[in-house]
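S.K.: fold the following.
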Amino acid sequence: MIFGVHTGLQRTSIAELTDLWRRIETLGFDWVSIWDHFYAADGTSDPDGLESVVSHAALAATTSRVRCGSLVYSAGFRHPAVLANAMATLDQLAEGRVTLGIGGGWLQREYRAYGIPFGSTGERLRMMEESLICIRLLLTEEVADFDGEFFTLTEARCVPKPVQTRLPIWVGGGGEQVTLRVAAQHADGWNIPYVAPATFAHKCRVLDDHCARLGREPADILRTVNVGLARSEEDLRAQFGAIAEGARPGVLMGGEQEMIDRVGEYRDAGAQQVNLTLRAPFDRDGLEFFADRILPAFA
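M.R.: Here you go, the predicted structure:
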């Protein structure tokens with residue numbers, strides 16, 4: 001299994017994050033990612049947060065080995081040409097270690113605050129699919145043309161290209177009719193946060209069904225899950241606040257063996273990568289515990 005850490009950008013600083021990212025890499029994790037929010041994704045609507053593309057670049061510049069991911073960029077925040085050009089340059093900075101995650105967006109408060117059209121769920125997901133298609137075209141084709149509902153490309157170019165011939169693009173979310181179909185049709189990876197292993201297994205079966213209908217090999221899509229870690233109820237509340245109960249099914253709790261068993265359940269459910277989520281104030285003791293006690297069980 002691959003293990004990573006997903007780091008939030010609210011209520012922190014680049015200096016604190018760069019120190020954390022270096023430590024994560026030293027501890028033996030193979031992935032670090034950032035999220036994409038203007039307002040805190042914890043029910044508080046706190047606007048104290050760092051911008052995601054710039055933070056992604058700082059992550060790439062700070063590290064030398066881990067893959068540098070995003071979970072996930074909201075398709076409604078940036079035109080796909082802007083995001084594609086940013087990722088192409090970022091992959092140069094990271095020397096070929098970038099993974100782009102994209103999703104439909106869900107936190108209406110931040111859209112409303114900046115006057116960004118939120119649209120219906122269906123509209124946001126159609127926009128996400130078009131954005132993914134446009135980004136793929138721009139990153140891989142010499143000339144890209146696309147005429148969609150939301151985006152248009154006319155003899156569009158993205159130069160220089162990424163270091164990677166095929167920069168991995170992941171889809172984030174658990175919607176079974178659209179999101180998982182888009183992942184099956186277009187993505188290199190799929191990610192979902194804070195679900196129980198049984199739910200993850202069910203979503204994997206739905207993804208497999210979409211692959212079968214579309215003629216896609218299921219093994220071509222990396223299946224990943226984000227989990228929290230809380231060694232007590234107090235830890236759970238401190239990290240997740242108002243969304244603690246919603247996140248609980250996907251939070252590792254209890255003692256060492258209980259956590260190992262739970263990660264094993266995710267593995268058996270089809271997870272190929274497990275990302276530990278950290279939100280400020282960062283639980284560095286929990287991070288060290290996970291690296292020292294949980295990672296070796298899956299070496």
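S.K.: and Phe151, what does it touch?
M.R.: His79, Pro80, Met127, Glu130, Ser131, Cys134 (CB atoms under 8 Å, 6 or more residues apart in numbering). (C-beta placed from N, C-alpha, C; glycine too.)
S.K.: show me the residues you listed that map onto helices.
M.R.: Judged by DSSP state H, helices contain the following of those: Pro80, Met127, Glu130, Ser131, Cys134.
S.K.: pLDDT added to the residues you listed, as CSV?
M.R.: Below are the ones in helices among the contacts of Phe151 laid out as CSV (pLDDT from 0 to 100):
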residue, pLDDT
Pro80, 98
Met127, 98
Glu130, 98
Ser131, 98
Cys134, 98
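S.K.: most widely separated two among the residues you listed?
M.R.: Met127 and Cys134 (10.4 Å; CB to CB).
S.K.: how about the helices in the stretch 1-150 of the chain?
M.R.: Using DSSP state H, counting those that start in this stretch, the helices of the stretch 1-150 of the chain run over residues 14-26, 52-62, 80-94, 108-114, 121-140.
S.K.: is the closest residue to Trp31 other than its chain neighbours in a bridge, and if so with what?
M.R.: Leaving aside its sequence neighbours, Trp31 sits nearest to Gly4 (CB to CB, 6 or more residues apart in numbering; 2.7 Å). Beta bridges link Gly4 to Trp31, Asn275, judged by DSSP bridges.
S.K.: Gly4 contacts Val66, correct?
M.R.: Yes. Between Gly4 and Val66 a contact is recorded at 7.4 Å, counting by CB atoms under 8 Å.
S.K.: and for the two, which residues touch both?
M.R.: Phe29, Asp30, Trp31, Val32.
S.K.: what's the burial count for Ser13?
M.R.: Neighbours of Ser13 under the rule other CB atoms under 10 Å: 11.
S.K.: that one and Ala280: what is the separation?
M.R.: 9 Å (CB to CB, to the nearest Å).
S.K.: quick revisit: just the buried subset of the contacts of Phe151, please.
M.R.: For the contacts of Phe151, burial is judged from neighbour counts taken by 16 or more other CB atoms under 10 Å, and it is met by Pro80, Met127, Glu130, Ser131, Cys134.
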